[in-house]
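J.: Give me coordinates for this.
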Amino acid sequence: MDLEAIDYFIMVAEAQSLSHAAKLYGLPKSSLSHKVRKLEDSLGVALFVRDGRELHLSDAGAEFLDHAQRIKESCEGAKAAVAEARHDIAGTLTIGSTGEFGTSFTSELLFAFRQQYPQVRVDVIFLSLGYFLAPEKHQPFDGIFHWGEPANSDYIARKLGEASYGLYASPRYLERFGAPATPDELEKHVAVAFRQPNGIQSWHLQRGGETSDFAPSAHCMANDYWMLKYFAVAGEGIVYLPTFFTEIECMNGDLVPVLPDWRSPLVSINLLYLRRRYVSRKFAAFLDFCLEYYRQRASYSSPRYCVEVVRPYADARSRGEER
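T.: From the prediction side, this is the model:
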């Protein structure tokens, strides 16, 4: 069986379009189409069903995709094993991460890792918060960055560090409404809140032996931390976010800690990987690198990712007129 055709089939299946796959992977559309058609001929079934401009997997295609991904994984493993025999760290690492991790820690960590191990390719897939609730849909990952301990006992968790949530607001908001002096005064303020599947996320805060659980009533809600940070930087209210996710905005003065002595309980940041007999040299090197990176993060010079300063429309318009 043509291994390249299998690889092209996976590309098209994930992109759901020949054109999209061609642009995404820098391949001629005709080559993708030809390989997929030859694969269908060799199997004697149609792998895709066309719906307008999109291609959806047929029943046979969905069944074959599962096997194709295993074949690809085995080929990558074989390549890595040969490279390891030459004492090289090489192959592809498939890493799962949430959006806030992916554009905060994961991106800069992987950038630093690639500088040290340029022969390793990285494939990062952002996961929803409910990923571990649907194990039947899991795809193979080398590792997953995860808050807290995994509910699934199939995973081993290696603790990289700890982080907590805190309250933040823009200087613009605090100039208008003032800063609360105690958690009880949060009732008088506007909130920007995270929407969980079972309702609005509560703000769990503690200071020494004191605790406070505040249920915000928000005008702006989203199930995406990046959108919440945008609204907070824009002056829409006080937000409850992980410390690592706001450090650059606080450094730049776009956000200011609110009630800085009150923080959430610490939560472990873990790198998860499936229990298995064999751990490849590339993942062993990656695990060691992650542990060292979290201990010595300040010594690395990886580019950081932050929200661009959100300016009122009137300010932006006046600057345009000045030009």
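J.: doesn't I144 make contact with D154?
T.: No: using C-beta atoms under 8 Å, D154 is not in contact with I144; the gap is 11.5 Å. For every residue, glycine as well, the C-beta is placed using N, CA and C.
J.: what about these two, which has more around it?
T.: Set D154 next to I144 and count neighbours by other C-beta atoms under 10 Å: I144 wins out with 24 against 13.
J.: The helix or strand the more buried one falls within: which residues count as buried?
T.: Element membership for I144 (DSSP states H and E) is strand 143-147. Judged by neighbour count (16 or more other C-beta atoms under 10 Å), strand 143-147 contains these buried residues: 143-146.
J.: now do stretch 298-305
T.: Buried residues in stretch 298-305 (16+ other C-beta under 10 Å): S302.
J.: pLDDT on it, on average?
T.: Average pLDDT, stretch 298-305: 72.
J.: Using PDB, write out every CA atom in that stretch.
T.: What follows is stretch 298-305, C-alpha atoms only, in PDB (Å, rounded to 0.1, in the frame of the first residue of the first chain):
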ATOM      1  CA  ALA A 298      13.500  33.100  33.200                       C
ATOM      2  CA  SER A 299      16.800  32.100  31.700                       C
ATOM      3  CA  TYR A 300      15.200  31.400  28.200                       C
ATOM      4  CA  SER A 301      14.700  34.100  25.700                       C
ATOM      5  CA  SER A 302      11.700  32.600  23.800                       C
ATOM      6  CA  PRO A 303       9.300  35.200  22.300                       C
ATOM      7  CA  ARG A 304       6.200  35.900  24.400                       C
ATOM      8  CA  TYR A 305       2.600  36.100  23.200                       C
END
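J.: what helices or strands is the longest helix along the chain leaning on?
T.: Determined from DSSP state H, the single longest helix within the chain is helix 59-85. Identification of packing neighbours for helix 59-85 by 3 or more C-beta pairs under 8 Å, 6 or more residues apart in numbering; DSSP states H and E yields helix 3-15, strand 91-97, helix 281-295.
J.: what's the closest of those to D66?
T.: In terms of C-beta to C-beta, the element of the helices and strands packed on helix 59-85 nearest to D66 is helix 3-15, at 10.6 Å.
J.: for that closest one, packing partners?
T.: helix 18-25, helix 29-43, strand 54-57, helix 59-85.
J.: so how far is the second one off the chain centroid?
T.: Spelled out, it's helix 29-43. Taking C-alpha atoms, centre = their mean, to the nearest Å, one finds helix 29-43 lying 33 Å from the centre of the chain it belongs to.
J.: Just want the angle from that helix to helix 59-85.
T.: Helix 29-43 and helix 59-85 are oriented at 110 degrees to each other (axes from the mean of the first three to the mean of the last three C-alpha atoms, to 10 degrees).
J.: Name the next helix or strand following helix 29-43 along the chain.
T.: Trace forward from helix 29-43 with DSSP H and E and the next one is strand 48-51.
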